[in-house]
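Student: can you look at this prediction? I've put the sequence above it.
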Amino acid sequence: GEDVEQSLFLSVREGDSSVINCTYTDSSSTYLYWYKQEPGAGLQLLTYIFSNMDMKQDQRLTVLLNKKDKHLSLRIADTQTGDSAIYFCAESIGGSQGNLIFGKGTKLSVKP
Amino acid sequence: DGGITQSPKYLFRKEGQNVTLSCEQNLNHDAMYWYRQDPGQGLRLIYYSQIVNDFQKGDIAEGYSVSREKKESFPLTVTSAQKNPTAFYLCASSRSWGRDYNEQFFGPGTRLTVL
């Protein structure tokens, strides 16, 4: 079945760039999403990319999509302590699994 | 303000009791979802509803039940048949169903602890 894989942890220093990677399996996914979850809270959409795009930039966030390798990445420039959170990658598939499949999440720790 | 509310934020239950978690949205969304989150497990889909008066089982529906009598509301009941119910429960909604752009909006979550 469809699956989304992410590494579980990433630690960076404040001011550095963070890169969170994700691989997905459904080659017909139309949209891919990045969500952020702060401790004890729900998820909030950070950004998304349509499958016919290679890159999307939104302020400090850059999303890169390699559709051939089914690889998605989220780069956060100038990472701040407030960026410490869990980041989820999700792909849209519809069908019997619900319309989004989420990865397990990458916990980003930002050290001052 | 439009959004999703979940109540209560914290819930304690004794073993053998059923408990109902509330989820309400005023976004006029057709689709609603319940997820369970355990540490290191990501989000697992319990139930979803594409439209009012209809719902489907997700990956881990055993021990849970839902209803969708109103568009705005999608309550989740955790029954005594759920063997390990202690978890963080998230409700979400989306405008519609399918492969088009369809952001899911999440509530703040309910943390259920079984004593």
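Tutor: The structure has been received and is ready for your questions. Since this is a predicted model, take the numbers as computed values, not measurements.
Student: quick check: mean pLDDT of the lengthiest strand in chain B?
Tutor: Longest strand in chain B, counting residues (DSSP state E): strand B:42-51. Averaged over strand B:42-51, pLDDT sits at 92.
Student: check which element follows that strand along the chain.
Tutor: The helix or strand immediately downstream of strand B:42-51 is strand B:54-57, counting by DSSP states H and E.
Student: near chain B, which residues of chain A? Just list them.
Tutor: A:8, A:28-31, A:33, A:35, A:40-45, A:48, A:50, A:88, A:92-94, A:96-100, A:102-105 (Cβ under 8 Å from any Cβ of the partner chain). (C-beta placed from N, C-alpha, C; glycine too.)
Student: residue ranges for the strands of chain B, please.
Tutor: B:4-7, B:10-13, B:19-25, B:31-38, B:42-51, B:54-57, B:64-66, B:76-78, B:87-94, B:105-106, B:110-114.
Student: dump those to JSON lines, plus mean neighbour count and distance to A:K68.
Tutor: Converted to JSON lines, those look like this (neighbours: other Cβ atoms under 10 Å in any protein chain shown; distance: least, Cβ to Cβ, whole Å):
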{"stretch": "strand B:4-7", "mean neighbour count": "17", "distance to A:K68": "37"}
{"stretch": "strand B:10-13", "mean neighbour count": "14", "distance to A:K68": "46"}
{"stretch": "strand B:19-25", "mean neighbour count": "19", "distance to A:K68": "38"}
{"stretch": "strand B:31-38", "mean neighbour count": "23", "distance to A:K68": "31"}
{"stretch": "strand B:42-51", "mean neighbour count": "22", "distance to A:K68": "25"}
{"stretch": "strand B:54-57", "mean neighbour count": "14", "distance to A:K68": "33"}
{"stretch": "strand B:64-66", "mean neighbour count": "20", "distance to A:K68": "39"}
{"stretch": "strand B:76-78", "mean neighbour count": "20", "distance to A:K68": "40"}
{"stretch": "strand B:87-94", "mean neighbour count": "24", "distance to A:K68": "28"}
{"stretch": "strand B:105-106", "mean neighbour count": "22", "distance to A:K68": "31"}
{"stretch": "strand B:110-114", "mean neighbour count": "18", "distance to A:K68": "41"}
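Student: about what we covered before: whichever of the residues of chain A next to chain B end up buried, select them in ChimeraX.
Tutor: To isolate the buried ones among the residues of chain A next to chain B in ChimeraX, judged by 16 or more other Cβ atoms under 10 Å in any protein chain shown, type:
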select /A:29,30,31,33,35,41,42,43,48,88,92,93,94,98,99,100,102,103,104,105
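Student: check chain B and tell me which residue is nearest its centre.
Tutor: When Cα atoms, centre = their mean is applied to chain B, the residue found nearest the centroid is B:W34 (2.6 Å).
Student: what about the closest residue to that one other than its chain neighbours, distance to A:Y87?
Tutor: Closest residue to B:W34 apart from its sequence neighbours, by Cβ to Cβ, 6 or more residues apart in numbering or on different chains: B:I46 at 4.3 Å. Distance of B:I46 to A:Y87, given as Cβ to Cβ, to the nearest Å: 22 Å.
Student: A:V19 too?
Tutor: Taken as Cβ to Cβ, the span from A:V19 to A:Y87 is 11 Å.
Student: out of those two, which sits in the more crowded spot?
Tutor: A:Y87 (23 against 13; other Cβ atoms under 10 Å in any protein chain shown).
Student: now that one, what's its secondary structure?
Tutor: strand (DSSP: H, G, I helix; E, B strand; the rest coil).
Student: residues contacting the residue nearest to the centre of chain B?
Tutor: B:23, B:45-48, B:58, B:64, B:66, B:74, B:76, B:89-92 (Cβ atoms under 8 Å, 6 or more residues apart in numbering or on different chains).
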